[in-house]
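Undergrad: fold the following and give me the result.
(2 chains)
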Amino acid sequence: MPAPDVNPLMMPLRLIAAAGRAAIMWADKGRAFILGTRNYAGLVAQTSVRVPLIVKNFDITTNHIYTLGIESIPLVTMIAIFLGSATVTQAVYQMSGMIPFRYLGALVCKTTVTELAPVITSMVFAGRVATGIAAEIASMKGSEQIDAMNVLRLDPLRYLIVPKFVACIVMLPALTIWAILMAFSGAAFTVAVSVDVTMHTYLSGMKLFFKAYDVYVGVGKTAVFGAIVAITGAYFGFEAKGGAEGVGNATTKAVVVSAVLILIFDFIIAVMVM
Amino acid sequence: MLRVEHLKKHFGNQIVLDDINIGVDKGEVLCIIGQSGSGKTVLFRHIIGLLFPDGGRITLDGQVISSPTTKPADFDRVRKRFGILFQGAALFDSMDVGENLAFPLREHTRHTEQEIEKMIGESLEMVGLMERFKTKMPAELSGGMRSRVGLARAIVMKPEIMLYDEPTSALDPIMTDKINKLILSMRDKLKMTSIIITHDIGSAYEIADKIAMIREGKIIFNGTPGEIRQSRNPYVQEFIRGERKSHYALDNEEDYADQVDINKLKQRAARPGPKTHTQAALQGQHQPNAGQNRYIPPGRRQ
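TA: As a prediction, the model looks like this:
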């Protein structure tokens, strides 16, 4: 084995070189991030301006409303019921001995309506839909179907993304309303069978500080999350490179980035409207 | 009709197309041949407007359709004059065969549904598929059938120039022959100009009026099938014969002896001084991993 070069005079130079390499690497990453953000914003803009075009092929959109929205109902029902039950159980445990149980209903209602149901539903929706969109677009790209659409002057955004975008924006709030109702039923069921609070105390507590505004904000912000899910799926689908592995990477990135963006925008919206 | 002039393209540091000049006249069949990675698919994507050059231009009937300043939207004006058959046919797999063919017609023409049905029927007939295939999904079709449906979808819009990206590369010899005949019959029936990207030299001989060979981003041959057989360029000969010549490396001495006198090489190798791998091999002293990176078992390390 060759002896390592231990010339002490070279050490500072090597440090500088290593620092330079690291700086270049981070600069590249930063550049990629900025370019990616710009492309993502471009995709949002291009998709939004094409929304009026769905009228001509409205059957594609209704199809997606069914496959992305209606078919998500069993999943959403399931998670929402357990979400409500868990919230009540936890709340009772935290409140017992400190806070009167007549506030139990108010606590469960507020947390569910403003945060838990919208965010958890959107996360589950992202897991189901953003991955699906990313995988579909990525494999279409891999088999040159996107190129084929381009050369036949069939706008891929218009036929592939916009219908899904609209379906997500319409159906995620609808699913969230459903999820809130299911979470309330799960919570009421838990109050009835499990925890040591009367149904009357719980239900009157729910009405105590109820504000319709909370519901509007809670449900309304999921329209933004729906847009995030559709665009993120599409973005990573179009970015995908290289066969089956590329499709896998695209789906992973789509779900991870959707989840992160949903939480970031959840915070931004909270700061803006609350 | 279509001319590619001084076309240049690079990706990062790598030059993929270097001063490409080719042309095709109306009704001609031009085959662009070359090894994988030679740049022929990149050239194809330039001609169909999916990539735009860094230098040079592409003209169609004297009009510039692609240059470094062309935007994709500008290219849309001429897109309808091109018909394209992709390598795997690129059928939309969420739609059945009929819908695949009808999709561009419904979006770009004002024909009634009956007229569209009739045009689809004609297109399918022209590529030798029966009406009953209309309801099949792409996944249910064999490779050859997919190619034919892809061809039917391309010709349904009545293009003037038809481009084929490796139309026969994944097909068996019988199906290859069928597709070749189909390409010729398309030219005769619809008076189309055809450009075919392929590495199948047999097909190229059969259908081409002109053959251009591309190697490492350069056109190294441009002429008729008769001329390519007589070409003296070693790379062209190598490609059309389908054999790797020994000028790359010494695979075995017998091959090499066909070309050079092995004894002379051995004499030269016997001279003192540093030796190349080949010379060492000729003296029977070749050690592929000789040098600092050689693996030494742990017990013998110093």
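
Undergrad: lowest-pLDDT helix or strand in chain B?
TA: Lowest mean confidence among the helices and strands of chain B (mean pLDDT, DSSP states H and E): helix B:253-257, at a mean of 49.

Undergrad: mind listing what's buried in stretch B:13-25?
TA: Taking 16 or more other C-beta atoms under 10 Å in any protein chain shown as the basis for neighbour counts, the residues of stretch B:13-25 that come out buried are B:15, B:16, B:17, B:18, B:20, B:22, B:24. (Glycine included, C-beta is placed from N, CA and C.)

Undergrad: before we move on, what about stretch A:66-86?
TA: Neighbour-count burial for stretch A:66-86 [16+ other C-beta under 10 Å]: A:68, A:69, A:72, A:76, A:77, A:79, A:80, A:81, A:83, A:84, A:85.

Undergrad: and of the residues you listed, the nearest to residue B:62?
TA: For residue B:62, the nearest member of the buried residues of stretch A:66-86 is residue A:68. The distance, counting by C-beta to C-beta, is 49.1 Å.

Undergrad: tell me who's in contact with the closest one.
TA: Residues counted as contacts of residue A:68 (C-beta atoms under 8 Å, 6 or more residues apart in numbering or on different chains) are A:129, A:132, A:164, A:167, A:168, A:171.

Undergrad: looking at those residues, which are in helices?
TA: A:132, A:164, A:167, A:168, A:171 (DSSP state H).

Undergrad: just give me the neighbour total for the fourth one.
TA: It refers to residue A:168. Using other C-beta atoms under 10 Å in any protein chain shown as the criterion, residue A:168 is surrounded by 31 other residues.

Undergrad: and it, how far from residue A:257?
TA: If you measure residue A:168 against residue A:257 using C-beta to C-beta, to the nearest Å, the figure is 15 Å.

Undergrad: which of the ones in helices among the contacts of residue A:68 has the largest number of neighbours?
TA: When neighbours are counted by other C-beta under 10 Å, residue A:168 leads those with 31 neighbours.

Undergrad: residue B:28: neighbouring residues, count only.
TA: Number of residues near residue B:28 (other C-beta under 10 Å) recorded here: 17.

Undergrad: what about the closest residue to it other than its chain neighbours, how many residues close to it?
TA: Of all residues not flanking residue B:28 in the chain, residue B:209 sits nearest, at 4.7 Å (C-beta to C-beta, 6 or more residues apart in numbering or on different chains). Taking other C-beta under 10 Å as the neighbour definition, residue B:209 ends up with a count of 15.

Undergrad: for residue B:172, same thing?
TA: Under the criterion other C-beta under 10 Å, the count of neighbours that residue B:172 has is 12.

Undergrad: pLDDT score for it?
TA: Each residue has a pLDDT score; the one for residue B:172 is 83.

Undergrad: what about the residue nearest to it when sequence neighbours are not counted, neighbour count?
TA: Across the structure, with C-beta to C-beta, 6+ apart as the measure, the residue nearest residue B:172 apart from its sequence neighbours is residue B:144 (7.7 Å). The burial count assigned to residue B:144 is 18, neighbours taken as other C-beta under 10 Å.

Undergrad: quick check: residue B:129 touching residue B:148?
TA: Yes - under the criterion of C-beta atoms under 8 Å, residue B:129 is in contact with residue B:148, at a separation of 5.7 Å.

Undergrad: who's more crowded, the two?
TA: Set side by side, residue B:129 and residue B:148 show unequal neighbour counts under other C-beta under 10 Å, the larger going to residue B:148 at 26 against 20.

Undergrad: before we move on, which element is the more buried one in?
TA: Residue B:148 belongs to helix B:143-155 when elements are defined using DSSP states H and E.

Undergrad: where's the residue in the stretch 101-250 of chain B positioned nearest to chain A relative to residue B:84, distance?
TA: The minimum distance from the stretch 101-250 of chain B to chain A, using C-beta to the nearest C-beta, falls at residue B:104 (4.6 Å). With the distance defined as C-beta to C-beta, residue B:104 ends up 12 Å from residue B:84.

Undergrad: look at the two and report which has more neighbours.
TA: Between residue B:104 and residue B:84, residue B:84 has the larger neighbour count (other C-beta under 10 Å), namely 28 against 20.

Undergrad: which positions in chain B make contact with chain A?
TA: Applying C-beta under 8 Å from any C-beta of the partner chain, one finds that chain B approaches chain A through B:45, B:48-50, B:72, B:76, B:79-80, B:82, B:84, B:86-88, B:90-93, B:103-104, B:107-108, B:153, B:157, B:292, B:296, B:301.

Undergrad: can you flag which of these belong to strands?
TA: B:82, B:84 (DSSP state E).

Undergrad: helices - which of the residues of chain B next to chain A land there?
TA: Among these, the members that lie in helices (by DSSP H) are B:45, B:72, B:76, B:79, B:103, B:104, B:107, B:108, B:153.
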